[in-house]
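>>> My questions are about this predicted structure, shown below with the sequence.
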Amino acid sequence: MGRIGVLLLNLGGPDKLEDVGPFLYNLFSDPEIIRLPFRWMQKPLAWFIATRREKTSQENYKQIGGGSPLRRITEEQGEAIKSQLSELGQEANIYVGMRYWHPYTEEAIAQLTQDNIDKLVILPLYPQFSISTSGSSFRLLEQLWKENPKLQDLEYTVIASWYKESGYLQAMAELIIGEIEKFPHPDHVHIFFSAHGVPKSYVEEAGDPYQQEIEECTNLIMQTLNRPNPHTLAYQSRVGPVEWLQPYTEDALNELGAKGVKYLVVVPISFVSEHIETLQEIDIEYREIAEQAGIHNFGRVPAPNTNPVFIKALSDLIIDVLQQPDLKLSQVTQMKKRVKMYPQERWEWGITTSAEVWNGRIAMLGFIGLMIELLTGKGLLHAIGLLH
Ligand SMILES: C=CC1=C(C)c2cc3[nH]c(cc4nc(cc5[nH]c(cc1n2)c(C)c5CCC(=O)O)C(CCC(=O)O)=C4C)c(C)c3C=C
Ligand SMILES: [Fe+2]
Ligand SMILES: [Fe+2]
């Protein structure tokens, strides 16, 4: 194989405090993040939620130095993968495509269509698949592919998720050992896996495989670790009023504290770089909750970042998929027959003239309600806690 391209997909994060508002707007404009029955509601609601959340979110970013380290770390991961691939005899151009901030996926695609690459490997930097993360990026790419004739001639393959890779599991196990061995009795330390949550309906109604992949990944890491430590899996970072996957991290920490757990390490499991939810949410907020619950010895396993075992695992994976049949975007966005990437699809299936009339009426009522809330600061969204 000649020169390949590797497109690393990630979420993106605000580089500085002024970026927080527009970053949040981009995030909430994504129908894979807030699933509304009507597309036209998406942008006004995204603007409204982003505006209301901006200050709190900025305060959090202030606590970690005024911006997200995600771009820097993702670029360092790209450099490390490039050198590792070169050592393995495979020259590669690396592209970083973020979903909600610079460098945007669109910028990466514009660059790679100008370069002379023989084949592209699309690698999301999320070990497990979720509609809200890799799924959202794949959807965007599918759209870009439809719009750009240059892309249609490009040979490519997609990696949907890779949490079973032995090198990744090995890197996670080594990082956990490094942390528990700082404690006087390493085998007694409680290992607390904290995965980023998603709304429960994603899994139960839309068929998102995320929860199953997270659970399997946790078990595989524990098997690779091969130590007798007790462990727990919980879900962090809930946003908005609906139910998310349970148990919530804060509840699980309180429960363990009440049971007398004194030594605990948190393992961030759904993301492979340090970011706001490790540096601020776990290291500051959850540490405080644990402390109040009586867990006074609180450690946190670092994210893999550019850990050499981890980088080798991703590089081996890239070489591996080049030998296998290609996986197309259409295959990974329709992973299960019942996966509904957009709630709109649910409405379209049952469409009749009267349903359309009712949809229109309900939409109009929703819009009037939203406008009243915008003007008065009072209403249903405030009452249920989505807006503050
Ligand atoms: C696998 C990881 C992630 C999943 C799943 C995920 C789903 C998800 N996230 C939100 C809302 C927000 N996420 C925010 C930041 C953020 N999210 C992830 C990862 C996952 N999100 C990361 C790595 C980051 C941080 C990027 C950085 O700046 O370092 C934010 C903004 C921060 C804040 O204000 O709290 C929001 C909001 C939803 C609603 C969701 C699933 C539907
Ligand atoms: Fe998130
Ligand atoms: Fe979050």
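Here it is on my side, so go on. All of these numbers come straight from a predicted model, not from anything done at the bench. Ligands and ions are numbered 1, 2, ... in the order given.
>>> Pull out the buried positions in the strand or helix carrying Phe48.
Element membership for Phe48 (DSSP states H and E) is helix 42-63. In terms of neighbour count (16 or more other CB atoms under 10 Å), helix 42-63 has its buried residues at 42, 45-50, 52-54, 57-58, 60-61. For the C-beta atoms, the positions are set from N, CA and C on the backbone; glycine is no exception.
>>> May I have the residues that are in contact with the residue of the chain at minimum distance from ligand 1?
In the chain, the residue that lies nearest ligand 1 is Gly13 (2.4 Å; CB to the nearest ligand atom). Shown in contact with Gly13 (CB atoms under 8 Å, 6 or more residues apart in numbering): 23, 67-71, 100-101, 275-276.
>>> any idea how far the residue most central in space within the chain lies from Arg139?
By CA atoms, centre = their mean, the chain has its centre lying nearest to Thr133, at 4.6 Å. Look at Thr133 and Arg139: by CB to CB, to the nearest Å, they are 11 Å apart.
>>> cool, Ile295 as well?
Taken as CB to CB, the span from Ile295 to Arg139 is 40 Å.
>>> so what's the residue nearest to the centre of the chain scoring on pLDDT?
You'll see Thr133 listed with a pLDDT of 97.
>>> again, but for Val239
89.
>>> What is the neighbour count of it?
Taking other CB atoms under 10 Å as the criterion, the count of residues near Val239 is 15.
>>> Which stretches in the stretch 101-250 of the chain count as helices?
For the stretch 101-250 of the chain, the helices defined by DSSP state H, counting those that start in this stretch occupy 105-114, 134-147, 149-152, 166-180, 200-204, 210-225, 249-258.
>>> in the longest one, what's buried?
Under the neighbour-count criterion of 16+ other CB under 10 Å, helix 210-225 has 210-211, 213-214, 217-218, 220-222, 224-225 buried.
>>> those strands in this structure, which residues are they?
4-10, 92-98, 119-124, 156-158, 190-196, 231-236, 263-268, 297-300 (DSSP state E).
>>> would you turn those into a markdown table with mean pLDDT, mean neighbour count and distance to ligand 1?
Converted to a markdown table, these look like this (pLDDT from 0 to 100; neighbours: other CB atoms under 10 Å; distance: least, CB to the nearest ligand atom, whole Å):
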| stretch | mean pLDDT | mean neighbour count | distance to ligand 1 |
| --- | --- | --- | --- |
| strand 4-10 | 98 | 24 | 8 |
| strand 92-98 | 98 | 23 | 9 |
| strand 119-124 | 98 | 22 | 10 |
| strand 156-158 | 98 | 21 | 17 |
| strand 190-196 | 98 | 25 | 4 |
| strand 231-236 | 98 | 22 | 9 |
| strand 263-268 | 98 | 23 | 9 |
| strand 297-300 | 98 | 18 | 15 |
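>>> quick one: least confident helix or strand in the protein?
The weakest-scoring helix or strand in the chain, judged by mean pLDDT, DSSP states H and E, is helix 344-349 (a mean of 32).
>>> Between the two ends of stretch 255-271, how far is it?
25 Å (CA to CA, to the nearest Å).
>>> Off-centre distance for it?
21 Å (CA atoms, centre = their mean, to the nearest Å).
>>> How about stretch 191-205?
Mean-position distance between stretch 191-205 and its chain equals 11 Å (CA atoms, centre = their mean).
>>> quick one: terminal-to-terminal distance for that stretch?
30 Å.
>>> For the chain, what lies in contact range of ligand 1?
Counting by CB under 6 Å from any ligand atom, the chain comes close to ligand 1 at 11, 13-14, 27, 33, 53, 57, 68, 70, 126, 130, 132-133, 196, 198-199, 239, 270-271, 275-277.
>>> 5 Å - rerun?
With CB under 5 Å from any ligand atom as the criterion, the chain comes near ligand 1 at residues 11, 13, 33, 57, 68, 70, 126, 130, 132-133, 196, 198, 239, 270-271, 275-276.
>>> Is it possible to mark the buried ones in those residues?
Buried positions within those, assessed by neighbour count (16+ other CB under 10 Å), are 11, 13, 33, 57, 68, 70, 126, 130, 132-133, 196, 198, 270-271, 275-276.
>>> which one among those residues gets closest to Gly5?
Ranked by distance to Gly5 (CB to CB), these are led by Tyr126 at 19.4 Å.
>>> Ile159 is in contact with that closest one, correct?
No - counting by CB atoms under 8 Å, Tyr126 stays clear of Ile159, with 10.4 Å between them.
>>> re the thing from before, including distance to Glu285, could the helices of the stretch 101-250 of the chain go into TSV?
Formatted as TSV, the helices of the stretch 101-250 of the chain follow (distance: least, CB to CB, whole Å):
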stretch	distance to Glu285
helix 105-114	30
helix 134-147	26
helix 149-152	42
helix 166-180	19
helix 200-204	22
helix 210-225	21
helix 249-258	8
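>>> can you tell me which of these comes nearest to Lys328?
Lys328 sits nearest to helix 134-147 of all these, at 9.3 Å, using CB to CB.
>>> buried sites along that closest one?
134-142, 144-145.
>>> Redo those residues as TSV? Include distance to Ser83.
Shown next, in TSV, are those (distance: CB to CB, whole Å):
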residue	distance to Ser83
Ser134	25
Gly135	30
Ser136	30
Ser137	25
Phe138	27
Arg139	31
Leu140	29
Leu141	26
Glu142	31
Leu144	28
Trp145	29
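>>> Quickly name whichever of these is closest to Leu329.
Checking the buried residues of helix 134-147 one by one against Leu329 (CB to CB), the nearest turns out to be Glu142, at 4.7 Å.
>>> Provide a list of residues in contact with the closest one.
Listed by CB under 8 Å, 6+ apart, the contact partners of Glu142 are 329-330, 333.
>>> go on, Gln77?
8, 125, 272-273, 305-306, 311, 314 are the contacts of Gln77 under CB under 8 Å, 6+ apart.
>>> same deal with Leu24?
Counted by CB under 8 Å, 6+ apart, Leu24 has contacts 49-50, 53-54, 57.
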